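Novice: Test case, fold it:
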Amino acid sequence: MPGYVEDRWYTKRPDPTTGEKRKTARYGQGKRYRVAGVPGVRDRSFEKLTGAAGAKAWLAKAQHQASAGEFIDPRNGSIPLRQYVEDEWWPQQSYDDPGTEATVKGRIWNHILPHLGATPLNGVKTPQLRAWLKTVKSSLGEGTVNEVWGSLSSILQAAVDDERITKNYCKSQKSVRPPARPEPKARAWSKSQVFAVRSALPARFRIMVDVGVGAGLRQGEVLGLAVEDIDAEAEVIHVRRQVKKVGAKLVFALPKGRKTRSVPVATQLLEAVQAHLVEFPAKKVTLPWGNPAAAETEKEAKDRAPQTYELIVTGPRGGAVRRDSWDTRAWKPALAAAGLIPAPTVSKRPLKYKPGYSRTTVKYVESRKHGFHALRHTFASVQLDARETIISVSKWLGHADPSITLRIYAHMMPEADGRGRAAMQAWLTTDS
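Specialist: I've put the predicted structure just below:
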C-alpha cells in the first residue's frame, strides 16, 4: 500500500564518510515526522513527543481505511459546531414552509448552539451530549427536548455524510437518550363548557366556536375561512387555506399538512354562519401566499403573489385576525370567565421614559389543554361517539393517516373494550 513516514529533521541517506544521519535545514523546527503518499489522504505531521511510533500507527490506519474507502481525516471534524452549522449545514437546508424553517432555526440557535456551538464537531460525544441534555431538560418540555435532539442528530448525521466525523453519537449509543415524545391524549369539552366560552367571547368571534366544534377546523383554518368555502346546498364546508403568522406578518397558506379537505356539517352550523354574516358582513382581505419575504425569482413572485378572499371572521377594523393577540385579548378572558382557567394576575410597571406613569400588565396562566384545539377534540369525540368510522373522522380532521387519528382519539371511542368483552364472552359460552 502506498505511503511512508518521513523524518524531516534528518536526511534519508547517511553521511558517506561517517555513516551517520545528517541534519536537515529544518532540524529542530516544527513537527518532526510526516506521513505522506497515501492516496486520497492529506499529509499529516507529528510532534517530536509522538515520535515515529505514532506516525507509523497513523500510516497503518490511514492505509487500511483508504484501501476500504472509509478514511475520514479527524482534522475535518475540528471545526466548531457553530461554524459548521452557519457556514455549511444551514445554507443547504430548504423548507417549503417558512414557518417550519423559523421553528427549526429557533430550536438550533436557541437550544443547541448556545451550549454546544464552541465544541468541535468531533468533540460532540457521549459526555457532551449528557451534559447538554441535562441543561435543556431543565428548561424545556419533553416534547420540545425530543425535537431539539432530532435537530442535533440531523446536523451530526450531515457531518458524517460530509466526511467530517466518523460517528453520530446521537444515534450510535444508548446510554444517553432524549425523553420519549409524550403521547397525545385529547380531551373534549362538555356542551356546557363550549357554550360558556362561546357566550363570554365578543359577539363577532362567537362563530369561531361554532365552526371549531361543528366542523373540527383548526384556529388558523377558521380565520382563513371565506364565503366561497361554504356550500350550503351540499351542506359542506371546504377547508382550503389558513391564516398563519410568518415572522411578524400574516399570510394565507394551505392547511396543515398542505392538504385541503371538505367536511360535512349540520344545517344548524350553516344557519349560524349565515346569521353571523348578517350581523358581521364578510370583508375582503388581501395577504401574500405562503411567504411574505420579497421574491428573488419569477417563480417565487408567482407563488407568493397576494391573494384576496372574503373572510367570514375579521377584526373590528376589517383585517385578518392575528392568532396571538386574539388568544390574549379574547380567548383567554373567555376561558377565565367560563371558569376553565384562573383569573389573570394584574400588575403595574412604571414607565422609565414617563415618570409618574405605569403600564398595566395582564397575565394568564398557560394551559395547552384549553387551547382552541379543544373544540376540534370535541368535534372528534361527538363523531366517534356516533360511531362514525375512524377513516371518515381522520379525513374530516385533515390528518395525514388514520393511524394518527386513532392514536389521539382511541380513548374516545365508546364501548371499545365493552364490545370486545361481550364478543369474547359469547364465543366462550357457545358450544363447540
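Novice: now stretch 345-363: how far from the chain's centre is it?
Specialist: Distance of stretch 345-363 from the chain centroid (Cα atoms, centre = their mean, to the nearest Å) equals 35 Å.
Novice: Contact partners for the closest residue to D231 other than its chain neighbours?
Specialist: The shortest distance from D231 to any non-neighbouring residue, by Cβ to Cβ, 6 or more residues apart in numbering, is to H238 (6.6 Å). (C-beta placed from N, C-alpha, C; glycine too.) H238 makes contact with 229-231, 260-262, according to Cβ atoms under 8 Å, 6 or more residues apart in numbering.
Novice: Now do stretch 249-257, average pLDDT.
Specialist: The pLDDT scores in stretch 249-257 average 92.
Novice: Now do the end-to-end distance for that stretch.
Specialist: 21 Å (Cα to Cα, to the nearest Å).
Novice: And the pLDDT for the closest residue to L254 other than its chain neighbours?
Specialist: Counting by Cβ to Cβ, 6+ apart, L254 lies nearest to R241, which is 6.4 Å off, once chain neighbours are set aside. Note for R241: predicted pLDDT of 96.
Novice: do the same with R359
Specialist: Here the pLDDT value assigned to R359 is 80.
Novice: just the one 3 residues further on next, same as before
Specialist: pLDDT, the model's per-residue confidence, is 81 for V362.
Novice: Which strands border the helix or strand it falls within, and is each parallel or antiparallel?
Specialist: Assessed by DSSP states H and E, V362 sits inside strand 358-363. Here strand 358-363 is paired, per DSSP bridges, with strand 345-350 (antiparallel).
Novice: tell me the mean pLDDT for the strand it pairs with?
Specialist: Rounded mean pLDDT across strand 345-350 is 82.
Novice: And the residue nearest to D231, how close does it get to R387?
Specialist: 25 Å (Cβ to Cβ, to the nearest Å).
Novice: do D97 as well
Specialist: Noted for D97: a distance of 36 Å to R387, by Cβ to Cβ.
Novice: the more surrounded of those two?
Specialist: D97 (16 against 9; other Cβ atoms under 10 Å).
Novice: I'd assumed P255 was in contact with the more buried one.
Specialist: No - counting by Cβ atoms under 8 Å, D97 stays clear of P255, with 11.7 Å between them.
Novice: List the contacts of the strand holding V362.
Specialist: So strand 358-363 is contacted by 344-351 (Cβ under 8 Å, 6+ apart).
Novice: Kindly export it (C-alpha atoms) in PDB.
Specialist: The C-alpha trace of strand 358-363 is given here as PDB (Å, rounded to 0.1, in the frame of the first residue of the first chain):
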ATOM      1  CA  SER A 358     -47.200  53.000  34.500                       C
ATOM      2  CA  ARG A 359     -48.200  50.100  32.300                       C
ATOM      3  CA  THR A 360     -50.800  47.600  33.300                       C
ATOM      4  CA  THR A 361     -49.900  44.000  32.500                       C
ATOM      5  CA  VAL A 362     -52.500  41.300  32.500                       C
ATOM      6  CA  LYS A 363     -51.100  37.700  32.600                       C
END
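Novice: Buried residues, that strand. List them.
Specialist: Buried residues in strand 358-363, defined by neighbour count with 16 or more other Cβ atoms under 10 Å: none.
Novice: From the chain's centroid, how far away is stretch 162-177?
Specialist: On the basis of Cα atoms, centre = their mean, stretch 162-177 sits 21 Å off its chain's mean C-alpha point.
Novice: A330: neighbouring residues, count only.
Specialist: Residues lying near A330 (other Cβ under 10 Å) number 17.
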